[in-house]
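Colleague: With the sequence up front, the predicted model follows.
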Amino acid sequence: MGPGSYPPRCASKCGKCTPCRPVHVPVPPGTPVTSEYYPEAWRCKCGNRLYVP
């Protein structure tokens, strides 16, 4: 699968926007990430917007 995790369930994570789907996104270098270990993270995506699951 992905970098050590499974995709999140994105149901109701994107507000009223549909379809809301899990995607891998890169974590930019230098970004303070306290809960992200890998250089990629799961996010929920709808249209061109990303949501934290």
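Modeller: Yep, it's here. Nothing here was measured: the structure is a model prediction, and the numbers come from that model. Residues are numbered from 1 along each chain as shown.
Colleague: all strands of the chain, in order?
Modeller: 21-26, 40-46, 49-51 (DSSP state E).
Colleague: TSV for these, including distance to Pro7, mean neighbour count and mean pLDDT?
Modeller: To be clear about C-beta, it is placed using only N, CA and C from the backbone, and glycine gets the same treatment. Putting the strands of the chain into TSV (distance: least, C-beta to C-beta, whole Å; neighbours: other C-beta atoms under 10 Å; pLDDT from 0 to 100) gives the following:
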stretch	distance to Pro7	mean neighbour count	mean pLDDT
strand 21-26	4	13	90
strand 40-46	6	19	90
strand 49-51	13	14	93
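Colleague: now the ones you listed in JSON lines, with distance to Arg9?
Modeller: Below are these laid out as JSON lines (distance: least, C-beta to C-beta, whole Å):
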{"stretch": "strand 21-26", "distance to Arg9": "8"}
{"stretch": "strand 40-46", "distance to Arg9": "9"}
{"stretch": "strand 49-51", "distance to Arg9": "12"}
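Colleague: Of those, give the one that comes closest to Cys10.
Modeller: strand 40-46 (3.7 Å; C-beta to C-beta).
Colleague: And that closest one, what does it pack against?
Modeller: strand 21-26, strand 49-51 (3 or more C-beta pairs under 8 Å, 6 or more residues apart in numbering; DSSP states H and E).
Colleague: That strand pairs with which strands, parallel or anti?
Modeller: Sheet pairing here is set by DSSP bridges, and for strand 40-46 it gives strand 21-26 (antiparallel), strand 49-51 (antiparallel).
Colleague: Between the ones you listed, which one is closest to Cys14.
Modeller: Nearest of those (C-beta to C-beta): strand 49-51, 5.1 Å.
Colleague: For that closest one, which outside residues touch it?
Modeller: Contacts with strand 49-51, where a contact means C-beta atoms under 8 Å, 6 or more residues apart in numbering, come from 10, 13-15, 17, 20, 23, 25, 43-45.
Colleague: Which one of these is nearest to Val52?
Modeller: Using C-beta to C-beta, the contacts of strand 49-51 come closest to Val52 at Arg43, 6.5 Å.
Colleague: didn't that closest one look like it was pressed against Pro26?
Modeller: No - using C-beta atoms under 8 Å, Arg43 is not in contact with Pro26; the gap is 10.5 Å.
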